[in-house]
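[1] For reference, the sequence and a predicted model appear below.
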Amino acid sequence: MVEGSMTQGAGQGPEVERTATVRDFRVPAYVHETAPYAAAGTHPGDAVPPSEEAFPEGYTPTQRDLPVIRRGDTVQVTVDPDPVPVPQTATGQGPLFVVGDVHGYLDQLVAALQEKGLVDEAGRWCAGTSRLWFLGDFTDRGPDGIGVIDLVMRLSAEAAAAGGYCKALMGNHELLLLGAKRFGDTPINSGAGTATFQAAWLLNGGQKTDMDRLQDHHLQWMARLDAMEEVDDHLLVHSDATTYLDYGRSIEEVNDTVRETLTRNDAEEVWDLFRKLTKRFSFRDEGGADAVRSLLDTYGGTRIVHGHSPIPYLLGEVGSEDGEDDTRTAVEGPHVYADGLAIAMDGGVTMAGKLLVQQLPLDA
């Protein structure tokens, strides 16, 4: 595998209706200011009310400011009409797959899983002993986050019955939805003012239809998700950030600490956890490989696999509002960077990119 992104021209496929909550956002000037943006570790697509970090002059948390990539108003989805069945081993575990950020795009998820031979035409598990990991961020911005969670929960049961498994990690948007449901407009001292989970959720693509359909079993499922795991020498996390180190020196300790934080149900504690898992770009710039090594040395693995930061942002391909920078480059696969130690899996489905499902290792 040569270090770099696996990209090519835009794909072809059926048009998929997009929602108004993920389009036509203004692009703030600070998107193009590389150094302060990278150093702060914040991201306009995950904006929160003013906190301990300073925002650019003129910024207000009442504005939607998700940067856009001009690729038209539809997501192009290509599905092999005859998916190749996943090869099964005679004994032991099946092949390993990972899924990037889904953000409510249920139809694209089903199409991507079908293309890899993981589910059949009815959306049922058909991959036998295969192992499937979701890297988090199931809801917000897209049209059917609850439908995505329902599918993942069902596939977990079906895969287990077939001798495989389907598991998921905690993303910052799971924390955001949990916080909005639990704490609503409860004021939180963010260090530089007052914030609320409800405002942050709405600002970051929260969908009323998801909140209306959210049930206790969805909440319980999200609250029990692990924050990280090591599988086949791959360290799986949601965020490209080193803030996991704040929660423990082992995978078990981090996962226990995150669950205990949610169990205590303290709004400010959960807010702090959400803020830390919203950090990004720790592996992208100078010193990025060392940041990856700090996690691998602590938790194990030889490569880190993450979602959270869309690959177009990692490549610097953020389109302008007037479309002058429209290169129409489509993400077609994972992005390998940080001296080959990091694999990015968020294909930018919310920005007319691609929802990625990938078998690991990459040369499999």
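    Great, that's in hand. Quantities reported herein were computed from a predicted structural model and do not represent experimental measurements.

[2] Pull out the buried residues from stretch 344-360.
    For stretch 344-360, a neighbour-count test (16 or more other Cβ atoms under 10 Å) marks 344-358, 360 as buried. For every residue, glycine as well, the C-beta is placed using N, CA and C.

[3] now for those residues, which pair is the farthest apart?
    Greatest spatial distance among those (Cβ to Cβ): 352 and 360, at 25.7 Å.

[4] right, and the helix or strand after the one helix or strand in the chain whose mean pLDDT sits lowest?
    Every helix and strand of the chain was ranked by mean pLDDT, DSSP states H and E. The lowest is helix 34-40, at a mean of 32. Next helix or strand after helix 34-40 toward the C-terminus (DSSP states H and E): strand 96-99.

[5] mean confidence score for that following strand?
    Summarised as a single mean, pLDDT over strand 96-99 is 98.

[6] Also stretch 341-358?
    96.

[7] do the same with stretch 292-308
    The pLDDT scores in stretch 292-308 average 98.

[8] in that stretch, what counts as buried?
    Neighbour-count burial for stretch 292-308 [16+ other Cβ under 10 Å]: 292, 295, 296, 298, 299, 301, 303, 304, 305, 306, 307, 308.

[9] secondary structure element for the last one?
    Taking DSSP H and E as the definition, one finds residue 308 inside no helix or strand.

[10] Wait, it touches residue 173, no?
    No. Using Cβ atoms under 8 Å, residue 308 makes no contact with residue 173, being 9.4 Å away.

[11] Give me the pLDDT value at residue 92.
    Listed pLDDT for residue 92 reads 77.

[12] For it, which non-adjacent residue is closest in space?
    Distances taken as Cβ to Cβ, 6 or more residues apart in numbering place residue 129 nearest to residue 92, at 7.8 Å, with adjacent residues excluded.

[13] do residue 123 as well
    Spatial nearest neighbour of residue 123, excluding adjacent residues (Cβ to Cβ, 6+ apart): residue 110 at 5.2 Å.

[14] so who does the one you found touch?
    By Cβ atoms under 8 Å, 6 or more residues apart in numbering, residue 110 lies in contact with 119, 123, 151.

[15] which among those gets closest to residue 231?
    Nearest member of those to residue 231, counting by Cβ to Cβ, is residue 119, at 20.2 Å.

[16] Report the secondary structure state of the nearest residue to the closest one once chain neighbours are set aside.
    Leaving out its chain neighbours, the residue that sits closest to residue 119 by Cβ to Cβ, 6+ apart is residue 113, at 4.5 Å. State at residue 113, reduced to three classes by DSSP: H, G, I helix; E, B strand; the rest coil: helix.

[17] Do a quick rundown of the helices in this structure.
    Using DSSP state H, the helices of the chain run over residues 34-40, 106-115, 145-161, 172-183, 197-203, 208-213, 216-223, 251-264, 267-278, 288-299, 311-314.

[18] Give me the pLDDT value at residue 325.
    What the model reports as pLDDT for residue 325 is 51.

[19] rewinding a little: and the helices of the chain: which comes nearest residue 243?
    Proximity to residue 243, assessed across these by Cβ to Cβ, is greatest for helix 267-278 (3.9 Å).

[20] Count the neighbours of residue 257 for me.
    Here the number of neighbours of residue 257 (other Cβ atoms under 10 Å) works out to 16.

[21] buried sites along stretch 153-166?
    In stretch 153-166, the ones that count as buried by 16+ other Cβ under 10 Å are 155, 156, 158, 159, 162, 164, 165, 166.

[22] Quick one: mean pLDDT over that stretch.
    98.

[23] Poorly predicted segments of the protein, please.
    Counting by pLDDT under 70, the chain shows low-confidence ranges at 1-91, 192, 318-329, 364.

[24] Scan it for its longest strand.
    The longest strand of the chain (DSSP state E) is strand 329-337.

[25] Next, the angle helix 288-299 makes with that one.
    Counting by axes from the mean of the first three to the mean of the last three Cα atoms, to 10 degrees, strand 329-337 lies at 60 degrees to helix 288-299.

[26] Just list the residues touching the nearest residue in space to residue 124 that is not next to it in sequence, thanks.
    Distances taken as Cβ to Cβ, 6+ apart place residue 158 nearest to residue 124, at 6.2 Å, with adjacent residues excluded. Residue 158 is in contact with 124, 125, 166, counting by Cβ under 8 Å, 6+ apart.

[27] quick one: residue 229 from residue 269, how far?
    Residue 229 sits 23 Å away from residue 269, taking Cβ to Cβ, to the nearest Å as the criterion.

[28] So between those two, which is more surrounded?
    Legend: neighbour count by other Cβ under 10 Å for residue 229 and residue 269, higher for residue 229 (17 against 14).
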